[in-house]
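Asker: Dropping the sequence and predicted coords here.
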Amino acid sequence: MKGYQPVVARLLRDRRPATVLDAPCGSGWLADQIGFACELDGLDLFGERPSKYRHFQVADLDQGLPGSLGAYEAVVCCEGLEHFSNPDLFLRSAHLHLAPAGMLIVTTPNTWYPAARLQYLLRGFLPGFPSLAGRMKRGTHMHLLPWSFPQLHLFLTLSGFGDIRLHQVDEPRPKHFYEWLVGLPQFLYCASKARGAPNAEERDYWTQAGSRQSVWGRRLVVSAMRA
């Protein structure tokens, strides 16, 4: 089980939505982990309908969610956003297909952790985002866009979401001692911005941006509500 999966399953169990859209659904792991009865639908560019899913549709999520879909109480996007060349379109379409007070859950690699930034300094490429020269082909599992919590927070806000929350993942934070030293200035900067924030909204933003998961974690699990 990957570290983000139990976090996603717990978030859904806490709310127990009656309808859930899993996009991209991959092998359908969510059905085995969710732990309660719901109408679970899946979208993916590859594969076939996973077992225990009510409906499955082949879809290029780079074009957003299909307009023919109805409204869901929860939309889950695990390890998909980094593959999209137009994440704003996907997030806006997810907002449209959420029921009032519906919840979106997004997971994606966090490229803000210190070892990733050191690799970018030395090589010019982030881990998991190498040069794809000679292998660029639309529809493959290419990692296109790296994400950090501040960037994801920005895109979610612009897409109409509110109550954006970064959740802790069971992983070492930091993984190596030198990462603690490299990430400390960023941690202190965010803490300073949080202390001087003029309102609760900005204070919450900087507190989350400077959290251990944001600064030293290797995975982002973020939930947001349809405002």
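Answerer: Now that the structure is in, tell me what you want to look at.

Asker: longest helix of this protein?
Answerer: Among all segments of the chain classified by DSSP state H, the helix with the greatest residue count is helix 177-195.

Asker: Measure how the helix or strand following that one sits relative to helix 177-195, angle-wise.
Answerer: Using DSSP states H and E, the next helix or strand after helix 177-195 towards the C-terminus is helix 200-209. Going by axes from the mean of the first three to the mean of the last three CA atoms, to 10 degrees, helix 200-209 is angled at 180 degrees with respect to helix 177-195.

Asker: if we can go back for a sec, mind saving the C-alpha coords of the longest helix of the chain as PDB?
Answerer: What follows is helix 177-195, C-alpha atoms only, in PDB (Å, rounded to 0.1, in the frame of the first residue of the first chain):
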ATOM      1  CA  PHE A 177      19.400  14.700   8.400                       C
ATOM      2  CA  TYR A 178      20.900  17.100   5.800                       C
ATOM      3  CA  GLU A 179      17.400  17.800   4.500                       C
ATOM      4  CA  TRP A 180      16.500  19.200   7.900                       C
ATOM      5  CA  LEU A 181      19.200  21.700   7.500                       C
ATOM      6  CA  VAL A 182      18.400  22.600   3.900                       C
ATOM      7  CA  GLY A 183      14.700  23.000   4.600                       C
ATOM      8  CA  LEU A 184      15.100  24.900   7.900                       C
ATOM      9  CA  PRO A 185      15.300  28.400   6.300                       C
ATOM     10  CA  GLN A 186      12.100  27.800   4.400                       C
ATOM     11  CA  PHE A 187      10.400  26.500   7.500                       C
ATOM     12  CA  LEU A 188      11.400  29.600   9.500                       C
ATOM     13  CA  TYR A 189      10.400  31.900   6.700                       C
ATOM     14  CA  CYS A 190       6.900  30.400   6.500                       C
ATOM     15  CA  ALA A 191       6.600  30.600  10.300                       C
ATOM     16  CA  SER A 192       7.600  34.300  10.200                       C
ATOM     17  CA  LYS A 193       5.000  35.000   7.500                       C
ATOM     18  CA  ALA A 194       2.300  33.100   9.600                       C
ATOM     19  CA  ARG A 195       3.100  35.200  12.700                       C
END
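
Asker: Any idea how many residues pack against the spatially closest residue to residue 12 that is not a sequence neighbour?
Answerer: Closest residue in space to residue 12, ignoring its immediate chain neighbours: residue 34 at 5.7 Å, by CB to CB, 6 or more residues apart in numbering. For glycine as for every other residue, the C-beta is placed from the backbone atoms N, C-alpha and C. Using other CB atoms under 10 Å as the criterion, residue 34 is surrounded by 21 other residues.
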